[in-house]
Every structure is written in C-alpha cells, then in structure tokens.
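# coordinates only, no sequence provided:
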C-alpha cells in the first residue's frame, strides 16, 4: 500500500514540475543577460498618475502589470532629465529628474518595482550635447577663461551644434568631459539601471575619422561600466541605413540599432519591392557584424520616436495584415527587438515636414510631436492629454484590442510569448536564409545550442496578398500553417543536425 501511495506521490510531483516548468527565457536568461525584448517609452505620452495630463514615472510604475503581461523584459526610457523642451534631448542636469515626470525617489521606486517584475531599465544618455541652459555651458559661455570652456567646441567664438535649437556639442577630446560622463553612468548604474542608449553616437566626435574615434570613445565608456557592472549594456544609436558604417561600432558597443533591417521591412513588406532579397539582405548585414564581433547582439526595430509610425508609413497605411507580418518578422529576428510604445496597437503618426511646422489648436506649433502622441489606453484615468491627437481617433484602444483575438495587440502578445518559449528565437544568434526562398516567400533558419539545449526553427513569411501552400517535407509546424494566408507566417521546428539540409 505504501509503495502504491509513494508511486502516486511521485506522479503527482512530476505533474507539478511539468506544470511549473519555466519557459526558455526564464531558464536561460542568466546565461544570456543581454538578450531582451525592449519596450521604448516616451514618458510624457505613456501614462499619467496625477491627472496633470503629462505622463510620468509613477504612471509607468502603476502599469508595469501591462508591460509584464505583454511580455517585455526591458524598458528604454527616452530622456528623463530636466530640459527646456518637450522631448528632453537638451539636458539641463544629468543628475536630476524632469519635475513633470516626478522625482529621483520616484525613479528609484520604478527601478525596484520593475526589478520585481523581472523588467530591466535602460535610459537615454544624451551626451553628444547639452542644453544651452546647462550650468556647464552657462559658465563656459560667460568667459573664455571659464573652467568649463573646454567642455564645448568653439568656432569663431560660437559653440558648435550638430543639432540646432540650443543643443551645444560637448568636447570629447577633453578627458574631463569623458570623466564627467563616466560619473553620470556610475550614478545611474548604482541606482540599478541596466545600461544606456547612447544618443547620436556617430556625432560624438566630429573628426576626419569619426567612426574610429567614436568607436574607441564608446569602448572606453563601456570598459569603465563593465569593471563594476559586467552585465551592463550599451546600445548605440548610429542613425545610418548603410550598414557597413555601423559594423565597427560593435567594437565599443554591446549593440546598435539596425536601421538597415527596419528599412528592409519597410521596403519588402510595405512597398513589396524586391521581396526575394529580404532574407539574403539581412544575412549580409549579420555576417558583416559577425566579422567585427562574433557574439554581436543586434537591436532590430520597426520604428522609433524619430521616424514616422509604421501604420503611417507608405505600404502599411490601412494594411493590418502587413502590420502583423512586420511584427512577426521583428520578433523572429536575432538580437533584442525594440518595440516603440503604441506600435502594438497600430498607432499612427507622422512628422509635419513643412518649414514652419503645423499649428495645433490648444497646443501650438508641432513637428515631431505627431510621432509621439499619447498612448491609447482607453481609460481616462491613465490617458495623457498633453498633446491633442487627431490621427488616432479611429485606432482601437488597448482596452478594445484586448477583447479582440484578431487584433494587432494579440499578435504582439502571442509572438512575444512564442519568442520567449523558443531559445532559437530568444537567444539564438545564428541566422541562415531558407533554401526554398522565392519571390513570394522569404524564410530563415534560427538556431541555438548550449550544453543543455539544441533547437532549430525555420521561419517562413508570405510576402504576398496571395495565399501560398508550402511544399515542405519534414519538421513539425509549431506556429501557423503550411497553407499560408496572405502575409502569413509559418514556423517549423527541425532537427538541429538538419540545418544545412534546409539552408
């Protein structure tokens, strides 16, 4: 009788273990600390906690459950420091918080709450320039003998600006400036941030060989970080579509945003131009990066705060199937994908390109604001109201999309979960074009191997408005169907040893 009872207990314990089995992300994240799924937040637009119409840090904290439920594992916060502008890219004080967003205590509280949810935080580090209202510049501009005079670059008595509007370039030929930046990084790393997104990385040093100089400046900063925070993270914004110009930045950065890959998705999925080149073009860029750093970690994205939103981009306007396909491509590529807030809802928005901007009743002149409008919660208690948004009057809110199994939100949530459940997608750095690609379907093989895990998946996308039946022998379909719908996706698991058979 005791043996029978003991047997039942063993069976019950085994069932319990299966029921509690962690997904691939939970099992492997400690050995792959730089692989994440990022969510980019413009704090002003995300969530309002105090009814002043402006998003704030407490608004993010109060909605971490949404971000956790969506499945993201890290946040990138756009500038959080005091600034004279709405966007914050002209910093007045690196060691303080924009009072409209909250206090340093609020930021520390957010870091701790996010940590409890298993979510890392990366902040924007805007060091190419400061505001002309930063104390360093005010002092430097007051006298040629100022102790801060050499913190900036001067031309004929005027401070140099890579970007107009009172943004004064710092002088990184001055070691004192580099040391100041190191101190700023230490300040936030000690508070628990995971790392930094380096704004305007290719402009930090304007020289005869800027790629070389900027790469080794970033290497110095990164090495300093790694001394005490070995798992810390630098992702560089090298705003460049010509990927060979980006590759060398992997010498000094942990990652770099892949503008070329985004452009390929816009062209091949949106405009349907040269679709047959999608997989092979992506392979070229990955191999280029791999030559510089065999363990490179890409940072793919679809759009960000400096670009028109995908739903307002040519080829994607009123094309929900294409928006869904773009999401599935993003979330099956190597690296750490970045999702711009509201992208999961199909939010619209595009810059006003007229010289004088556009006058918005109740706000004033606007330019990039149209790309950074309030998140569509569908809940007046969370909505921000700082900017009147007319472009998204018909875009379904989060509350509406949660109730619709076919919504874009559900595509993102499903694919994020799928990615985290499959090591080949979440942690695999390998990428090979599928051997059966043609002008309609484009596929690639993703794989991962360590001491305990081996997995290989073939991801195939239908880049056409016509259905497609895939004649594929072997493997197991783990997502979608071989009878592919227009702009559909199928994912097939194969034996790891058979990768070369399908490449």
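Thanks, I have it. The model shown is predicted, which means the values in this text are computed figures rather than measured ones.
# so where does residue 329 fall, helix or strand?
helix 320-330 (DSSP states H and E).
# buried residues, that helix. List them.
322-330 (16 or more other CB atoms under 10 Å). In short, each C-beta sits where N, CA and C put it, glycine included.
# next one: it to chain centre, how far?
From the chain centre to the centre of helix 320-330 is a distance of 16 Å (CA atoms, centre = their mean, to the nearest Å).
# counting contacts, what elements does that helix pack onto?
The contact analysis (3 or more CB pairs under 8 Å, 6 or more residues apart in numbering; DSSP states H and E) places helix 320-330 against helix 259-265, helix 408-421, strand 454-462.
# deepest-packed of the ones you listed, please.
With neighbours defined as mean count of other CB atoms under 10 Å, the helices and strands packed on helix 320-330 peak in mean count at strand 454-462, which reaches a mean of 24.
# hmm, back to that, among the helices and strands packed on helix 320-330, which is nearest residue 317?
Closest approach to residue 317 among those (CB to CB): helix 408-421, 14.0 Å.
# downstream of that closest one, the next helix or strand is which one?
Assigned by DSSP H and E, the successor of helix 408-421 is helix 423-426.
# what residues sit buried inside the helix or strand that that next one is followed by?
Later in the chain than helix 423-426, the nearest helix or strand by DSSP H and E is strand 430-433. Buried residues in strand 430-433, counted by 16+ other CB under 10 Å: 430-433.
# one more: stretch 204-223?
204-205, 210-211, 213-215, 217-218, 221-222.
# related to what we said a few turns ago, for the helices and strands packed on helix 320-330, give me JSON lines that also has distance to residue 231.
Shown next, in JSON lines, are these (distance: least, CB to CB, whole Å):
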{"stretch": "helix 259-265", "distance to residue 231": "25"}
{"stretch": "helix 408-421", "distance to residue 231": "19"}
{"stretch": "strand 454-462", "distance to residue 231": "24"}
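# any chance of the ones you listed in a markdown table, plus distance to residue 85 and mean pLDDT?
Output for these, formatted as a markdown table (distance: least, CB to CB, whole Å; pLDDT from 0 to 100):
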| stretch | distance to residue 85 | mean pLDDT |
| --- | --- | --- |
| helix 259-265 | 24 | 98 |
| helix 408-421 | 30 | 98 |
| strand 454-462 | 40 | 98 |
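# so for residue 100, which of those sits nearest?
Closest to residue 100 of the helices and strands packed on helix 320-330, according to CB to CB: helix 408-421, at 28.1 Å.
# and the closest one, what does it pack against?
Applying 3+ CB pairs under 8 Å, 6+ apart, one finds that helix 408-421 contacts helix 24-28, helix 64-70, helix 320-330, helix 398-402, helix 423-426.
# go through those helices and name the closest to residue 355.
Of those, nearest to residue 355 by CB to CB is helix 320-330, at 31.1 Å.
# tell me the first helix or strand C-terminal of the closest one.
Following helix 320-330 in sequence order, the next helix or strand is strand 338-340 (DSSP H and E).
# just the mean pLDDT for that next one, thanks.
Across strand 338-340, the average pLDDT comes to 98.
# what's in contact with that strand?
Strand 338-340 is contacted by residues 37-40, 72, 76, 257, 299-305, 309, 330, 412 when judged by CB atoms under 8 Å, 6 or more residues apart in numbering.
# output the below-cut-off pLDDT ranges for the stretch 251-400 of the chain.
Low-confidence segments of the stretch 251-400 of the chain (pLDDT under 70): none present.
# at 90 instead, please
Applying pLDDT under 90 to the stretch 251-400 of the chain picks out residues 352-357.
# related to what we said a few turns ago, closest one to residue 499 out of the buried residues of helix 320-330, please.
residue 329 (20.2 Å).
# need the contact list for the closest one.
Counting by CB under 8 Å, 6+ apart, the residues that residue 329 touches are 265, 269, 461.
# how about 10 Å then?
Going by CB atoms under 10 Å, 6 or more residues apart in numbering, residue 329 touches 261, 264-265, 268-269, 278, 282, 300, 302, 337, 415, 442, 444, 459, 461, 463, 489.
# any idea how far the residue most central in space within the chain lies from residue 197?
Per CA atoms, centre = their mean, the C-alpha nearest to the average position across the chain is that of residue 338, at 2.1 Å. From residue 338 across to residue 197, the span is 9 Å (CB to CB, to the nearest Å).
# give me the common contacts of the two.
What both residue 338 and residue 197 touch, as defined by CB under 10 Å, 6+ apart, is the set 38, 40, 76, 122, 235, 255, 257, 299.
# how about the contacts made by the closest residue to residue 472 other than its chain neighbours?
In space, and not counting its chain neighbours, residue 472 is closest to residue 482: 6.1 Å by CB to CB, 6 or more residues apart in numbering. For residue 482, the contacting residues are 460, 468-472, 475, 490, 492, by CB under 10 Å, 6+ apart.
# on that earlier part again, what is the most widely separated pair among the buried residues of strand 430-433?
So, the buried residues of strand 430-433 by CB to CB: farthest apart are 430 and 433, at 11.8 Å.
# who touches both of these two?
With CB under 10 Å, 6+ apart, residue 430 and residue 433 have common neighbours 444-445.
# contact partners of the helix or strand encompassing residue 107?
Assigned by DSSP H and E, residue 107 belongs to helix 104-116. Residues outside helix 104-116 that contact it (CB under 10 Å, 6+ apart): 49, 56-62, 64, 67-68, 74-75, 77, 80, 95-97, 101-103, 119-121, 123, 188, 191-194.
# check the offset of it from the chain's centre.
Its chain's average C-alpha position is 20 Å from that of helix 104-116, according to CA atoms, centre = their mean.
# which is the succeeding secondary structure element to it?
Next along the chain after helix 104-116, taking DSSP H and E as the criterion, comes strand 120-125.
# correct me, but residue 185 touches residue 232?
Yes. Using CB atoms under 10 Å, residue 185 makes contact with residue 232 at a distance of 8.4 Å.
# list residues touching both of the two?
Joint contacts of residue 185 and residue 232 (CB under 10 Å, 6+ apart) are 193, 195-196, 222, 224-225.
# check contacts around residue 350.
307-309, 311-313, 317, 368, 370-371, 391.
# ok, the residues you listed vs residue 292, which is closest?
residue 307 (25.4 Å).
# quickly find the element holding the closest one.
For residue 307, there is no helix or strand it lies in under DSSP H and E.
# in strands, which of the contacts of residue 482 fall?
460, 468-469, 490, 492 (DSSP state E).
# among those residues, name the buried ones.
Among these, those scoring as buried are 460, 468, 490, 492 (criterion: 16+ other CB under 10 Å).
# mind putting those in TSV, distance to residue 90 included?
Below are those laid out as TSV (distance: CB to CB, whole Å):
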residue	distance to residue 90
460	46
468	50
490	47
492	49
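# can you name the two of those residues that sit furthest apart?
468 and 492 (14.2 Å).
# quick one: which of the contacts of residue 350 is nearest residue 131?
residue 368 (17.2 Å).
# so that closest one touches residue 305, yeah?
Yes. Using CB under 10 Å, residue 368 is in contact with residue 305, at 7.3 Å.
# nearest spatial neighbour of residue 194, chain-adjacent residues omitted?
residue 120 (3.8 Å).
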